[in-house]
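Colleague: give me coordinates for this.
(3 chains)
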Amino acid sequence: MSGAPSAVNGQLEAPPVAKDQRSVFAKIASRMPRAGWGLLIFVVLFIVGGLLRPSLFTLPGLISTATFAAILAAASFGQTVAVIQGGIDLSVPSTIAFAALGFLTWNASFGPVIAFVLALGAGVVIGLANGIIVAKIGLTPIVTTIAMNGLLFGLLLLNFPLSELTVVPDFVKSFTSDRLEIFGVSVAAVLPTVLILMVVLQAVLSYTGWGRSLFLVGSREKAARLAGQPVARIRITGYALSGLLAAFTGIVIVGYFSQAETTMGNSYLLGSVAAVIVGGASMFGGRGSMTGTFVGALVLGQVATLVAVFNLGADIQNLVYGVIILAVLAAYGRDRYAA
Amino acid sequence: MKNDPLRSVAPDAALRSEPLLVASDLTKQYGAVHALDGASFTCLKGEVLALVGENGAGKSTVSRILAGATGVSSGTITFEGEPFAATSISEARRRGVACAFQELALVPDWTISENLILPDRRGRGMFSQNKARDESDRILSALDVTHLNPSTVVGDLGLADRQMVEIVRAISANPRLLILDEASSALNPIGVEWLFARIRDLTADGVGVIYVSHRLGEISEIADRGTVLRDGASVADFTRGSWSEDDLVSQMAGRTARRHFPEKPPVPKADEKLALEVKGLRAEGLSSIDLTARHGEIVGIGGLQGQGQTELLRCLYGAAPAVADLWQIDGKPARHLTPPRAVRRGVGFVPEDRKTEGLALTLSVGENLLAPWLKSLSPGGPLQLRSEGSWIDGVLNKLSVRTRGANEPVGDLSGGNQQKIVFGRWIDRDRSILLLHDPTRGIDVRAKQELYQAMLELAESGVAIVWFSTELEELVNLCHRVAVLDRGRVARVLEGSEITPDAIVGAAVGTA
Amino acid sequence: MSATTTATITATPPPGRLASGFKRLRYDGALAPILAFVIFFAVYLAINPGLLTRFQLQSAANLIVPLALIALGQLLIVLTGGIDISIGAITGLCNVVFATQIAGLSTPGALILCVATGIVCGAINGSLVAYANLPAIAVTLATAFIYAALARLILDRPGGALTDGIYKVTSGELLPFVPVSLVWLTLIAVGLWMFLQRTAFGRQVYGVGSGRAAVQSAGLKPRLTILVTFMVSGAVVSFGAIMLAGSTLTGDPRSGDSYLLSSIAVVALSGAAFIGGRGSILGTILSAAVLGMVGSLLFFAGINSYWQYVISALIILAVVVIPRLIQFGIRQSALRRGPA
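Modeller: Next up, the predicted model:
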């Protein structure tokens, strides 16, 4: 029911323009994906670091940063899916720990492959639970995933007594801590693993109907619903994927660091959201990319590298993180098409 | 046809009343749309002036201007002899002009007493719930409202009670000019009587009341004089006892189109299958609807706003729950309809608000066109844009969409072009039924023409179109049949040559 | 005056103050946490009547009060429709400011500085949200990093110059069986309540959440309201940090970390609406009491304390989900009956 002409019609409408009259710079700038800006920041930081300490400006230096970033990125891919559909996943820390400790426990009884499948399956179940509560019961994602985070933390404390690792199965080492020779450079397997994962996930986001429907739902849920899309199903599968990816990250961390303990996921709570934002995603939903998230993780990783090398301390690191996030928000964060 | 209002007023009335508000030649533009185009009227002290008009005549714009919610593009307003140009609602209230809006301006999380007392405080000072409640009690009982508890949260009230609170809020500002914008629309007959009693009390004290409404029955009871608005301009004045409903309806409806309309497609044959058949459709806001639409038929839904048209279209699409005695799409029953099922059954829908219900503004033109046709397990994004490229180009061409290309973010398009995208989703997609909610609202004339053309082509290809329009001319010139809704039911169905502006308005205001 | 209206519409007598207060609590979602509180503590006392001894009352109060205060800070932000991710960091920052400055300045001086820190943090958050139009969740994520860094710069490991005197004033006993911390909590809660319920400006905090457009058309200023709300929240959080410092006698930059998630959990349990406009102070305090004491309950019941996480999560989910399921059921049966 509406009475007065809506404010929508009150906006001044520019006469329709067929010809693109923007400047060359504006055209290029609009075509550049938002992740491009993040990449620029990373390159600048990398160069600055190299100028100040030439040993950083080498391929091994780049690879070491990228490897650190890869783990953060893995933890942030699931968060990317959640943010694109207009939600958030605050159960990432406990899902990581649950899957990691579950894997180790089940590995002792069932062997690595089955344990791997079970751990990933646990991630899916956790995600499905989140998704059903958000989509069918209508609870906000913040409350749902926080409650889930607490629930999982309790469950893993109760069920997985292992806090010390004995042996990492070779199967897991093969895609995490083993070193590979690629074009004559020694790289930890985790880096190509995460890069491949990024490519696959980005392909799903960009080129499949399901991926695009995530953006539709995140951009304007009402419009998605009225265009006939099954919004609940899309949301639930989205959260399931987030859970799966967090679980995978847990196993990756076990493999790479050869350790697992109950609070291992805690730093990824804010870290994953930070990487996603610096990568150009919008907290309002409808925008984001896996490549952007990886770039965001790279930026955060490069800051960490510089801070470590110049011995600036964790405080400076956090300070810089905060400033970078604010800068990215100022550039992209506004709701441009606020109705 | 602008009459001098004072000339038609009886001499003794002229002696005791003086002009309270004089509005001359008001114009108001929203981009390409002229909401007001030469509206003039005068309200005297102690009288009720009615402002009547069809949808889009400009009545609500007038009340928003007088209330201080917006300004004029040109024209003058004089209030109590001084120029009047309030820049905010609270400023207008302080000057003595208060308005009860149809789009209620109450804060839903506040109680009745908070909504009555807080706005005029403008955030200053202490606030005592008890004192506010007592004061609200006084206000409510002074206005003879005894069934409302001031501690009730407004969000818990029904629409009728909310409307009452809105009215009370306006009157409690002790205005010297009170504007009631469709204030009776949500009230039941007892509420309307209450409202009229309040109006009479106010006019006895010399307060001027501007009564914006389309309900001619009420106007004949309460208004001393009135002005008819049409297409943003005042076209006639009338005084109590000197007008007939037929005259008024004629003035509201006006002569036929100044616009050029394409030719209607021929009426589909009687044995053409029914695309849609509903009997006894009931839902929130609909008391009982019978409606049919044959393939190739353009069925218009008319009536004044808020009579159930929005609810009807949403229910037919499965976007709102409804039950019916009979409900068939293409001859097969429609059970437990949801939008995804409706789309599979061949129904398309263009919703009311393109920006909040129609489009995903951050996505591209192409992706918005493909929104209903995204399938989870099929390619999407650039792959789908390429495979569906010829369809997309076809749609953009057919509707003459002005865009840089399918990759342009749809939020960058003008309103008319955005609306074409929402509409274009359903072109050449094998639709049986297309439900349109006022698709040409707020878009420029050229875009409207292009949409009409597309609609007619769809109808000729066999699509049944159910079209809620707030513009008489569209219903008259482009529809085979028109169902006029009033208060959630079909007041009258007009066919072929029966469809005239007067007939539609007559059915809408309940005089037919 | 028309006689017909009064004849046909039944006049209802306006309720007394008690009844309208009750109605307001129900609207703000507080009935569920009140019920949860009563049931929880009935169970608790059955298992451990020793709670009512002076020592245990004091310990319980010192545990609950900081959580309650920080959760109240979060509640304020949630009322405006946002969320504060930096609340843990602000707590840590105020905590170390108080703990370190108490050596140099007098106690009142350190107190004022600490509260001022909280207000400034809130002001920064609030201006970015209100005037730069950025989402609260993202802004406070960024400032969380910044405030945490500042906290570490001031004091990078637990320490500080807190004295026993501070403990007595913040965490001791005012009278037998009356922990001082509860007194402080009561004072602050009452003050906050006065602000939110008894000032015209405070009422706008409730309006801004869901009815922003209506607030604007009523002629009020939503942006200023949001800014001030963030500042008040910062002040309340700083009080929580002081109580925390006082009860642990340690300044610790990371002392606030766990309060991020737990403050959101408490606000969720309190029945507040995360889109804004609904929430109660009483509900928040009672929820803090429940969630804060779950661990202790399990200890006295002889249950593995790891269960506290599970039980807390289930309490939240139950309290929030069950009303929705009931609503859903009501709507379904109304639909089956058919529209009126």
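
Colleague: so which residue is dead centre in chain C?
Modeller: The geometric centre of chain C, computed from its C-alpha atoms, lies nearest to C:L72 (C-alpha atoms, centre = their mean), at 2.0 Å.

Colleague: and the strand or helix carrying it, what's buried?
Modeller: Using DSSP states H and E, C:L72 sits in helix C:54-79. Buried residues in helix C:54-79, counted by 16 or more other C-beta atoms under 10 Å in any protein chain shown: C:57-79. C-beta: built from backbone N, CA, C; applies to glycine.

Colleague: equivalent analysis for stretch C:130-144, please.
Modeller: Within stretch C:130-144, judged by 16+ other C-beta under 10 Å, the buried ones are C:A130, C:L134, C:P135, C:A136, C:I137, C:A138, C:V139, C:T140, C:L141, C:A142, C:T143, C:A144.

Colleague: just these: which are in strands?
Modeller: Members of the buried residues of stretch C:130-144 lying in strands (criterion: DSSP state E): none.

Colleague: what about B:S213, how many neighbours?
Modeller: Applying other C-beta atoms under 10 Å in any protein chain shown, we find 25 other residues in the vicinity of B:S213.

Colleague: that one and B:I219 touch, don't they?
Modeller: Yes: under the criterion of C-beta atoms under 8 Å, B:S213 is in contact with B:I219, at a separation of 6.1 Å.

Colleague: shared neighbours of these two, which are they?
Modeller: With contacts taken as C-beta atoms under 8 Å, 6 or more residues apart in numbering or on different chains, the residues that reach both B:S213 and B:I219 are B:A50, B:V52.

Colleague: can you read off the pLDDT for residue 169?
Modeller: This is for chain A. Per-residue confidence (pLDDT) for A:P169: 85.

Colleague: other chain: chain B
Modeller: 92.

Colleague: tell me the secondary structure at the residue nearest to it when sequence neighbours are not counted.
Modeller: With C-beta to C-beta, 6 or more residues apart in numbering or on different chains as the measure, B:L116 is the residue that lies nearest to B:R169, at 5.5 Å, once sequence neighbours are left out. Reducing the assignment to helix, strand or coil with DSSP: H, G, I helix; E, B strand; the rest coil, the entry for B:L116 is helix.

Colleague: contacts only, for the closest residue to A:G87 other than its chain neighbours.
Modeller: The spatial neighbour of A:G87 that comes closest, neighbours along the chain excluded (C-beta to C-beta, 6+ apart), is A:P141 at 3.7 Å. Taking C-beta under 8 Å, 6+ apart, we find A:P141 in contact with A:A82, A:G87, A:I88, A:D89, A:L90, A:N130, A:V134.

Colleague: what pairs with the strand or helix carrying B:W327, parallel or antiparallel?
Modeller: Taking DSSP H and E as the criterion, B:W327 maps to strand B:326-329. Strand pairing for strand B:326-329, determined by DSSP bridges: strand B:274-283 (antiparallel), strand B:332-333 (antiparallel).

Colleague: follow-up on the earlier one: give me the distance from the helix holding C:L72 to the chain's centre.
Modeller: From the chain centre to the centre of helix C:54-79 is a distance of 8 Å (C-alpha atoms, centre = their mean, to the nearest Å).

Colleague: still on that earlier bit, most surrounded residue in the contacts of A:P141?
Modeller: Neighbours were tallied for each of the contacts of A:P141 (criterion: other C-beta under 10 Å), and the maximum of 35 neighbours falls on A:A82.

Colleague: that one is in contact with A:G238, isn't it?
Modeller: Yes: A:A82 lies in contact with A:G238 (C-beta under 8 Å); the separation is 6.9 Å.
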